[in-house]
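give me coordinates for this.
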Amino acid sequence: MTHGGDEFKEAMGDVTPLADQNRIPPPKPSVQAVVRQNSTAIEISDALSDHGVAPEEFRRNGLPRIALRRLRNSPIEDSLDLHGNTVEGARLLLQQFLFEAGERGLRCVRIIHGKGINSRGNEAVLRTHARNWLYQHPEVLAYCQATPNQGGSGAALVLLKVRT
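Take a look at the predicted model:
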């Protein structure tokens, strides 16, 4: 009877690993996504509705159309990853994240909501809700789909108001 690594070597037989010069290292993300936990008890009013349909991209009245292009090219100052959360949990995390981002004076943040690939019926539940909440949030000036290297349709770039 073989143990652990011996079984694997036996199963691989005459397979030879690729030479180091033929390997392509995976690209490193430009910004590390931060998974937030509800660690502080900040009292944030919950005025965001789960109902309604928000547009794929949005900008407040008076904001020029070029703002969305600039948003896509802006450096991401922080990210929130909502993967694995319930709708209720995601809403609370999003509100806390936007509050903290405003407190820190951040302008461009990324919300990673996922594409719905692993959900029942491949429905992007968090994507729909996240965009609806962003659309309602008073400190959100604009949002749009992230570029492919920033998460594509599984993430939104968000432009926040500057607090005075």
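
what comes up buried for the lengthiest helix in the chain?
Across the chain, the longest stretch assigned as helix under DSSP state H is helix 87-103. Under the neighbour-count criterion of 16 or more other CB atoms under 10 Å, helix 87-103 has 90-102 buried. C-beta: built from backbone N, CA, C; applies to glycine.

got it, and stretch 145-158?
Quick answer for stretch 145-158 (16+ other CB under 10 Å): Gln145, Ala146, Gln150, Gly151, Gly154, Ala155, Ala156, Leu157, Val158.

likewise stretch 66-74?
Ala67, Leu68, Leu71.

may I ask which helix or strand encompasses the last one?
Assigned by DSSP states H and E, Leu71 falls within helix 66-73.

then Ala156?
strand 155-160.

who does that strand pair up with?
Counting by DSSP bridges, the strands paired with strand 155-160 are strand 108-112 (antiparallel), strand 140-145 (antiparallel).

quick one: closest of these to Arg131.
strand 140-145 (7.0 Å; CB to CB).

tell me the angle the closest one makes with helix 66-73.
60 degrees (axes from the mean of the first three to the mean of the last three CA atoms, to 10 degrees).

report the angle between strand 140-145 and helix 87-103.
120 degrees.

so what touches strand 140-145?
Residues from elsewhere that reach strand 140-145, judged by CB atoms under 8 Å, 6 or more residues apart in numbering: 56-60, 63, 67-68, 71-72, 98, 111, 131, 134-135, 152-153, 155-161.

if we use 6 Å, what do you get?
Contact partners of strand 140-145, identified using CB atoms under 6 Å, 6 or more residues apart in numbering, comprise 57-60, 63, 67-68, 71, 134, 153, 156-159, 161.

report the two of the residues you listed separated the most.
Ser153 and Lys161 (25.3 Å).
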